[in-house]
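Visitor: here are the coordinates; sequence isn't available:
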Ligand SMILES: Cc1cc2nc3c(=O)[nH]c(=O)nc-3n(C[C@H](O)[C@H](O)[C@H](O)COP(=O)(O)OP(=O)(O)OC[C@H]3O[C@@H](n4cnc5c(N)ncnc54)[C@H](O)[C@@H]3O)c2cc1C
């Protein structure tokens, strides 16, 4: 009988793991990939949708297109995980695993920020981005805040990108002079591991008259007064609030008893949890890297190497290196890149690549290469 691998979540981590296993082992492994959705969407596509650069339909990559030897996709919702028994319950049945991989990402906790659901607009979900597509054209004057409500949050550069793209949107609509933009982030700099990237972003904010409020998070909104309250008690009035909600592991993961301090702790080199045969990868885990798709993908490849070694009876040599490259929209049709290395030195480092139109093409290739690799289209 083939080794049974059950992967929970078909995001960056789950898709890369299933693909790597199929590529190497084909029908010699029995992979079940489970996700509650019918399609995958790249995180950055949400910015494209909200600013009207693409349509919601165009960004969906349907899971029904996955055709890989040894891999079966099931559209089901995970309702319980028993990590001791490596048994998973979904709305479609029970799945037993020899190896279980939790790749369920991070959920948004809007209720953790009072007033956000009523008075703000989150742009981190597809639904939120779709709503904003209708809301943004109605904003023609007043104060806009791009505000982060808690860390850790996915893709640390994304709120900076949102502020810069909002500037472009207002300029294109001829209303920038009637609007103010402020950007609130709990970090001391926009991208802490890379001072050069942070410097370039702070300069870009200054050039565009975007007020940068560092080291603060938005702790609540008062929709009646249209005021955002910061964690030091300071207040900022707004007419449009674009928020990054607090994140947390999905409830089903918390209920499984696998989490500590909100997320699943793993061995940072192997991605193993404390439960034998159970791994966690990507945003759901605490591995010491930011919550971003590139890191989930890199970690998934290490798990794949480990499972391939287990099936073939060899030794797992590969350890997770905590490296990844993130593209950053600077507006004006230019994209920058930061190559981050979290584990090889005493502190994380990041190498900045100046924004250019050539990097726009690189970013497009980043998306299209994954689309071909994971979905064959
Ligand atoms: C605006 C924005 C821009 C971003 N830009 C970038 C970028 O440029 N580069 C980058 O690398 N990253 C970017 N990210 C971050 C990136 O999208 C995430 O970090 C990445 O998707 C994490 O991968 P993952 O596999 O851990 O989880 P996800 O990709 O979130 O996958 C988790 C999957 O689990 C499924 N799931 C959850 N609960 C259940 C359940 N109970 N039952 C069944 N299925 C379930 C979900 O449907 C989902 O498909 C961005 C994110 C946002 C919001």
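Guide: On my side now, so go ahead. Just so you know, these numbers come straight off a predicted model, no measurement behind them. Numbers count the residues shown, from 1 in each chain.
Visitor: could you report the pLDDT at the residue in the stretch 151-300 of the chain that the ligand sits nearest to?
Guide: At 2.1 Å from the ligand, residue 282 is the closest residue in the stretch 151-300 of the chain, using Cβ to the nearest ligand atom. Placement of C-beta: from N, CA and C, glycine included. You'll see residue 282 listed with a pLDDT of 98.
Visitor: any idea how far it lies from residue 138?
Guide: 36 Å (Cβ to Cβ, to the nearest Å).
Visitor: the two - which one has more neighbours?
Guide: Each of residue 282 and residue 138 has its neighbours counted (other Cβ atoms under 10 Å); residue 282 has more, 31 against 7.
Visitor: tell me the contacts of the more buried one?
Guide: The neighbourhood of residue 282, defined by Cβ atoms under 8 Å, 6 or more residues apart in numbering, consists of 9, 11-14, 103, 105, 291, 293, 295-296, 299-300.
Visitor: same thing but at 6 Å, please
Guide: By Cβ atoms under 6 Å, 6 or more residues apart in numbering, residue 282 lies in contact with 13, 103, 296.
Visitor: top of these by neighbour count?
Guide: residue 13 (33 neighbours).
Visitor: can you name every helix or strand that the helix or strand containing it contacts?
Guide: Using DSSP states H and E, residue 13 sits within helix 12-25. Here helix 12-25 touches strand 3-8, strand 29-35, helix 293-312, helix 358-375, going by 3 or more Cβ pairs under 6 Å, 6 or more residues apart in numbering; DSSP states H and E.
Visitor: relative to residue 15, how far out is the residue of the stretch 151-300 of the chain closest to the ligand?
Guide: For residue 282 relative to residue 15 (Cβ to Cβ), the value is 10 Å.
Visitor: ok, now which ones touch the closest residue in space to residue 217 that isn't next to it in sequence?
Guide: Leaving out its chain neighbours, the residue that sits closest to residue 217 by Cβ to Cβ, 6 or more residues apart in numbering is residue 186, at 4.0 Å. Residues near residue 186 by Cβ under 6 Å, 6+ apart: 148, 151, 217.
Visitor: next up, phi/psi of the first one, please.
Guide: Main-chain dihedrals, residue 148, degrees, to the nearest 10: phi -100, psi 130.
Visitor: please begin residue numbering at 122 from this point
Guide: Sounds good: first residue 122 from here, last item residue 269.
Visitor: now it: how far from residue 456?
Guide: Residue 269 is 21 Å from residue 456, by Cβ to Cβ.
Visitor: swap in the last one?
Guide: Separation of residue 338 from residue 456 (Cβ to Cβ) stands at 27 Å.
Visitor: burial count for the residue in the stretch 122-271 of the chain that the ligand sits nearest to?
Guide: Proximity of the stretch 122-271 of the chain to the ligand (Cβ to the nearest ligand atom) peaks at residue 132, 1.9 Å away. Neighbour count for residue 132, taken as other Cβ under 10 Å: 25.
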